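Enquirer: structure for this input, please:
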Amino acid sequence: MTDHIENPKLQDHPADNAEKDPENWVTGDEPMTGAQKSYLTTLCEEADVELPEKGMTKAEASERIDELKTKLGK
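Expert: Residues are numbered from 1 along each chain as shown. Next up, the predicted model:
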């Protein structure tokens, strides 16, 4: 008889992959990544809003990306 091993990738809501609030990120205070800046630039252009002039943290960029995606219906 073989033991049944659960595959966490098949779980509907795996607890260890829960999305964390950007405010709770360990690296949230670091400057945004190049990928975040590029995506944020694209979303700002599509939403016809200006890219913030001041540098953003990873957490701030993530939150702004989410806001713009919601605004654009993405």
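Enquirer: please, where are all the strands along this protein?
Expert: Using DSSP state E, the chain contains no strands.
Enquirer: point to the residue nearest the middle of it.
Expert: residue 62 (4.6 Å; Cα atoms, centre = their mean).
Enquirer: residue 35 is in contact with that one, correct?
Expert: No. Using Cβ atoms under 8 Å, residue 62 makes no contact with residue 35, being 11.1 Å away. Every residue, glycine included, has its C-beta placed from N, CA and C.
Enquirer: looking at residue 27 now. What's its pLDDT?
Expert: On the pLDDT scale, residue 27 is placed at 71.
Enquirer: let me redo that: residue 20
Expert: pLDDT, residue 20: 68.
Enquirer: likewise for residue 46?
Expert: On the pLDDT scale, residue 46 gets 95.
Enquirer: tell me how many other residues crowd it.
Expert: 13 (other Cβ atoms under 10 Å).
Enquirer: that one contacts residue 72, correct?
Expert: Yes. With contact defined as Cβ under 8 Å, residue 46 counts as touching residue 72 (5.8 Å).
Enquirer: where exactly do the helices run in this structure?
Expert: Ranges of helices in the chain, per DSSP state H, are 34-47, 58-72.
Enquirer: what's the angle from the longest one to helix 34-47?
Expert: Right, helix 58-72. Going by axes from the mean of the first three to the mean of the last three Cα atoms, to 10 degrees, helix 58-72 is angled at 30 degrees with respect to helix 34-47.
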